[in-house]
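# Okay, structure incoming, though there's no sequence with it:
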């Protein structure tokens, strides 16, 4: 499956960070060119709702043309358009009734019947919408065709797909991704879920840079079954956890269970702001040994709550791509490589 998606998009792109931006302008300009999920597909309807990406306030709704994403502020008096409603397939502001079509053009001013539309100053900034893996993805400053992380298993009938509720984390997207690809914390953070608090040694492993970010194959004897099911794996089984990071803030993990059983997790850290991350986690599995969907959701919620407790307390709050602010050791090979790739992108904080 080709992970490049071709769409025709309405509207224009944001070229500058908003006044309330929490990022350094040079970092925001780099991050704004990338694609992020901003909502679950099933929560987008004819009722407008608010979200945010990189400190840009957005409104989402579904009309006859598909999903519309725009700046969540009426250009007339700045009232959030998420307070409005869809009327005759147009987004109507709750304050003065200005109506906007799918392309963001103002088509009607009720108090001025002579208005025929076409005012550029009254137009909305709109953004592209791509639906993949149960999520709505967008980009604030798109350049050419969007390229999304690869999860072909989502469309493979041999796999069951699961989309847990998103998780809001009071921390940076970079810290969350680095925590997800960290292999030395299992025994200390996830000892109640699946890891052994006595099994703390991290075997040597290799990480390589790729054209999309990095790849790591990590072999160990740490079971990925929940505690109650760990008898299902042979005692001498070597667990492979294959990590791929799609820059800047998506990481994919494939856990190789016994036999041909595979468990795919797409860790999508969407940067609402520098200090808030909305985590979306599409999952695909070709076996049900782990139990019902409800048990998978509960296990996933436990793991990410344990991780969030760490991410939300880390200091400094951002990663240092220059590798100067913190010490590192051998087990950090994947996260050190991740920081180096962030540096190559030109980011000073992540």
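Yes, it's here. Please read all numbers here as calculations on a predicted model, not as lab measurements.

# Distance-wise, check residue 83 relative to residue 19.
For residue 83, the distance to residue 19 (CB to CB, to the nearest Å) stands at 21 Å. No exception for glycine: its C-beta is placed from N, CA and C like everyone else's.

# higher neighbour count, those two?
residue 83 (14 against 6; other CB atoms under 10 Å).

# Angles on the backbone of the residue lying closest to the more buried one once chain neighbours are set aside, please.
Once flanking residues are discounted, residue 83 sits nearest to residue 94: 4.1 Å by CB to CB, 6 or more residues apart in numbering. The phi/psi pair for residue 94 (degrees, to the nearest 10) reads phi -70, psi -20.

# who are the neighbours in contact with residue 94?
79, 83, 84, 85 (CB atoms under 8 Å, 6 or more residues apart in numbering).

# Write the PyMOL selection for whichever of those are buried.
Selection of buried members from the contacts of residue 94 for PyMOL, criterion 16 or more other CB atoms under 10 Å:
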select buried, resi 79+84
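
# neighbours around residue 201, how many?
By other CB under 10 Å, neighbour count at residue 201 equals 10.

# What separation is there between it and residue 303?
Taking CB to CB, one finds residue 201 at 21 Å from residue 303.

# for residue 93, same thing?
Distance, residue 93 to residue 303, by CB to CB: 42 Å.

# Chain neighbours aside, what residue packs nearest to the most centrally placed residue in the chain?
Geometric centre of the chain, nearest residue: residue 268, 2.9 Å, by CA atoms, centre = their mean. The shortest distance from residue 268 to any residue other than its chain neighbours is 4.3 Å, reached at residue 280 (CB to CB, 6+ apart).

# Show the contacting residues for that neighbour.
37, 40, 135, 163, 166, 266, 268, 270.

# now the residues you listed in a markdown table, with secondary structure, distance to residue 259 and pLDDT?
Output for the contacts of residue 280, formatted as a markdown table (DSSP: H, G, I helix; E, B strand; the rest coil; distance: CB to CB, whole Å; pLDDT from 0 to 100):
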| residue | secondary structure | distance to residue 259 | pLDDT |
| --- | --- | --- | --- |
| 37 | strand | 31 | 98 |
| 40 | strand | 32 | 98 |
| 135 | strand | 30 | 98 |
| 163 | coil | 25 | 97 |
| 166 | coil | 31 | 97 |
| 266 | strand | 22 | 98 |
| 268 | strand | 28 | 98 |
| 270 | strand | 34 | 98 |
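
# And the residues you listed, which two are furthest apart?
Greatest spacing in these, by CB to CB: 163 and 270 (14.1 Å).

# the more surrounded of the two?
Neighbour comparison, residue 163 and residue 270: the larger count goes to residue 270, with 27 against 20 (by other CB under 10 Å).

# which residues does the more buried one contact?
Neighbours of residue 270 in contact, by CB under 8 Å, 6+ apart: 36, 37, 38, 53, 173, 249, 277, 278, 279, 280.

# Now list the buried members of those residues.
So, by 16+ other CB under 10 Å, the buried ones in the contacts of residue 270 are 36, 37, 38, 53, 173, 249, 277, 278, 279, 280.

# what's stretch 171-179 in contact with?
169, 185, 245, 248-251, 267, 269-271, 274-277, 279, 307-308, 310-312, 314, 317-319, 335, 338-339, 342, 349-350.

# okay, now residue 60: neighbour count?
24.

# That one is in what secondary structure piece?
According to DSSP states H and E, residue 60 maps onto strand 56-63.
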